[in-house]
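Q: predicted model and sequence follow; I will ask about them next.
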Amino acid sequence: MHVHSSGCPHSSVERGHCRCYAVSVSDAALPARRIIPNLRWWIGGLLFASTVINYIDRQTLSVLAPHLKTEFSWNNSDWALIVISFRIAYALMQTVAGRLLDWFGTRRGLLLTVSWYSIAAAITSMAVGLKSFIFFRFLLGSGEAANWPGATKTVSEWFPKSERGWAVALFDSGSSVGGAVAPFLVFWIYRISGSWRPAFIFTASLGLVWALVWKAFYQPPETHPNLGPEERSMILDARKEEQKMEAHAITGKAGALAGQPASWGQLLSLKETWGIVLGKALTDPVWFFITDWFAIYLVSKGFKIENALMGFWVPFLAADLGNFFGGGFSSYLIKRGWPVLKARKFIILICGLGMTLLIPTVSVSNFPVIVALFAVSTFSYAAWSTMALALPSDLYPSGSVASVSGLSGTGAGVGTIVSTFLIGWISDRYSFAPILVGASLVPLVATALVFLLIRKKE
């Protein structure tokens, strides 16, 4: 195993990947503890659990939206303001969180942010009206923003490129699982308690439990005492192999990004960064339209949300399958000899086309058919998104992965804020039909931009 020498310019392993492996010691020098086989996948499981909890916390309000709209006499524009408050915080903090995670490391960064948003979720139970809901959702969004940059960075630390598609699919699938679990869990708490307030407290407690487990268990692969010598060697050798290729990275510029985290100016000077940012900015609004508005949309079509509950989770399950399809199939293609970027783009192409199936829902009133069309779209979105989440670790040195991921998250946040405002305004004045058409066509633009801007030499 490799550890830092006293002369290493990096302050700690936890701060990020050290690029220097000057001093070698045996694994026996670490405290003697039980070896956990395939420990990297247990780390991936923790990231999956974090994402599940992240989505349960944010979906609690969305699931309760029809009841809260009635209790507080909100229209769709009022609801859009609450959603936008979350999105503004989420967009701003994605970039900030990515930078902090690159500098301070995933262990401390995720411990702090998960604790933050869990407390924010709990105090939402104290809300008394529109303004307080807006304030508490802003707090929630500022904490939840770190999950994806943090998880992406952790994957880049623990997994070789050939496995990152699967690893990203694993943690990103937590959003679908959380979205599917939330309706059942939240309605159950709502019914047995007779109030919406306990639902926020219960779901918030899940995040606090996760933070305690993360603090007790997580360490980077350089120092993790439960990591076996063979797995440690595989992880660190794969990392060193990637470092050898960084001098030939994107358009000849990314070699300058090695070592310390690159500045935002350096990152934004690369067209590949803009391909990732614009791709997420134009596709994430599709997903967030479904997560934030699906219950309200079903009610607008004449369905009672209690009766539609059995179908409500289907698009989220489909998204879960889409995560693993994108990650698994791209990893399969890479192992068959496809260049990494070509495999990612192939999934992006076919799934960009798959998202167009929201258009037929405009003229459909049959509930199972509506659910099926939404499911195909969320399946396609999730596979597309898995590729977009994998691209920063494919294209950039590890010290800049979370920063690029954060920038793409901010782009996605800006796109979602604009789309949320338009959804509220259009649905109040017209219907959801123009929204569904737009949500189908915009991802095609995102797909075209990825092909145009991301052309890394293999």
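A: Looks like it came in fine. This one's a predicted model, so the numbers in the text were calculated from it and none came from an experiment.
Q: contact partners for residue 386?
A: Contact partners of residue 386, counting by CB atoms under 8 Å, 6 or more residues apart in numbering, are 165, 168, 169, 172, 322, 323, 326, 327, 330, 347. C-betas here are computed from N, CA, C, even on glycine.
Q: got it, and residue 316?
A: 176, 177, 179, 180, 378.
Q: tell me which element it is part of?
A: helix 314-335 (DSSP states H and E).
Q: so what's residue 368 closest to, chain neighbours aside?
A: Closest residue in space to residue 368, ignoring its immediate chain neighbours: residue 311 at 7.0 Å, by CB to CB, 6 or more residues apart in numbering.
Q: pLDDT (mean, whole number) over the host helix or strand of that neighbour?
A: Using DSSP H and E, residue 311 sits in helix 309-312. The average pLDDT within helix 309-312 is 70.
Q: next one: stretch 184-198
A: On average, stretch 184-198 scores 88.
Q: which parts of that stretch are buried?
A: 185, 186, 187, 189, 190, 196 (16 or more other CB atoms under 10 Å).
Q: make JSON lines from these and add distance to residue 67 and secondary structure to it.
A: What follows is the buried residues of stretch 184-198, written out as JSON lines (distance: CB to CB, whole Å; DSSP: H, G, I helix; E, B strand; the rest coil):
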{"residue": "185", "distance to residue 67": "15", "secondary structure": "helix"}
{"residue": "186", "distance to residue 67": "10", "secondary structure": "helix"}
{"residue": "187", "distance to residue 67": "10", "secondary structure": "helix"}
{"residue": "189", "distance to residue 67": "12", "secondary structure": "helix"}
{"residue": "190", "distance to residue 67": "8", "secondary structure": "helix"}
{"residue": "196", "distance to residue 67": "6", "secondary structure": "coil"}
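Q: which one among the residues you listed gets closest to residue 49?
A: residue 185 (14.7 Å; CB to CB).
Q: pretty sure the closest one is touching residue 203, no?
A: Yes. Under the criterion of CB atoms under 8 Å, residue 185 makes contact with residue 203 at 7.2 Å.
Q: touching both of those two, which residues are there?
A: residue 56.
Q: so which two of the contacts of residue 316 are the farthest from each other?
A: 177 and 378 (12.6 Å).
Q: between these two, who's got more neighbours?
A: Neighbours per residue, other CB atoms under 10 Å: of residue 177 and residue 378, the larger number sits with residue 378, 29 against 21.
Q: state the distance from residue 184 to residue 375.
A: As judged by CB to CB, to the nearest Å, residue 184 and residue 375 stand 17 Å apart.
Q: what's the closest non-adjacent residue to residue 59?
A: In space, residue 59 is closest to residue 182, 3.7 Å off (CB to CB, 6+ apart).
Q: for residue 452, same thing?
A: Residue 452's closest residue in space is residue 275 (CB to CB, 6+ apart), at 7.3 Å.
Q: can you check residue 403 too?
A: For residue 403, the closest residue by CB to CB, 6+ apart turns out to be residue 98, at 4.7 Å.
Q: could I get the full set of helices for the stretch 251-400 of the chain?
A: 264-268, 271-300, 309-312, 314-335, 340-354, 367-395 (DSSP state H, counting those that start in this stretch).
Q: of those helices, which approaches residue 434 most closely?
A: Nearest of those (CB to CB): helix 271-300, 12.2 Å.
Q: for the closest one, enumerate the helices and strands it packs against.
A: helix 39-72, helix 76-104, helix 309-312, helix 314-335, helix 367-395, helix 401-429, helix 433-453 (3 or more CB pairs under 8 Å, 6 or more residues apart in numbering; DSSP states H and E).
Q: now do residue 306, the pLDDT please.
A: 66.
Q: the one 10 residues further on now?
A: The per-residue pLDDT reported for residue 316 equals 82.
Q: wait, which of the helices of the stretch 251-400 of the chain is closest to residue 419?
A: Across the helices of the stretch 251-400 of the chain (criterion: CB to CB), the nearest stretch is helix 271-300, sitting at 3.7 Å.
Q: name the residues of the helix holding residue 316 that are buried.
A: Applying 16+ other CB under 10 Å to helix 314-335 flags 314-331, 333-334 as buried.
Q: what do you get for stretch 158-172?
A: For stretch 158-172, using 16+ other CB under 10 Å, the buried residues are 158-161, 163-172.
Q: just flag the most distant two among those.
A: 160 and 172 (18.3 Å).
Q: with distance to residue 235 and pLDDT added, can I get the contacts of residue 386 in TSV?
A: As requested, the contacts of residue 386 are arranged in TSV below (distance: CB to CB, whole Å; pLDDT from 0 to 100):
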residue	distance to residue 235	pLDDT
165	17	78
168	16	82
169	19	81
172	21	81
322	27	91
323	23	83
326	23	90
327	18	85
330	20	90
347	25	95
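Q: export these to JSON lines and tack on distance to residue 139?
A: Output for the contacts of residue 386, formatted as JSON lines (distance: CB to CB, whole Å):
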{"residue": "165", "distance to residue 139": "34"}
{"residue": "168", "distance to residue 139": "28"}
{"residue": "169", "distance to residue 139": "30"}
{"residue": "172", "distance to residue 139": "24"}
{"residue": "322", "distance to residue 139": "30"}
{"residue": "323", "distance to residue 139": "28"}
{"residue": "326", "distance to residue 139": "32"}
{"residue": "327", "distance to residue 139": "32"}
{"residue": "330", "distance to residue 139": "36"}
{"residue": "347", "distance to residue 139": "35"}
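Q: for residue 366, see how far away the residue nearest the centre of the chain is.
A: Centroid-nearest residue in the chain: residue 148, 4.0 Å away (criterion: CA atoms, centre = their mean). As judged by CB to CB, residue 148 and residue 366 stand 35 Å apart.
Q: same deal with residue 239?
A: Taking CB to CB, one finds residue 239 at 52 Å from residue 366.
Q: more neighbours, those two?
A: residue 239 (22 against 8).
Q: just to be sure, that one is in a helix?
A: Yes. Counting by DSSP: H, G, I helix; E, B strand; the rest coil, residue 239 is found in a helix.
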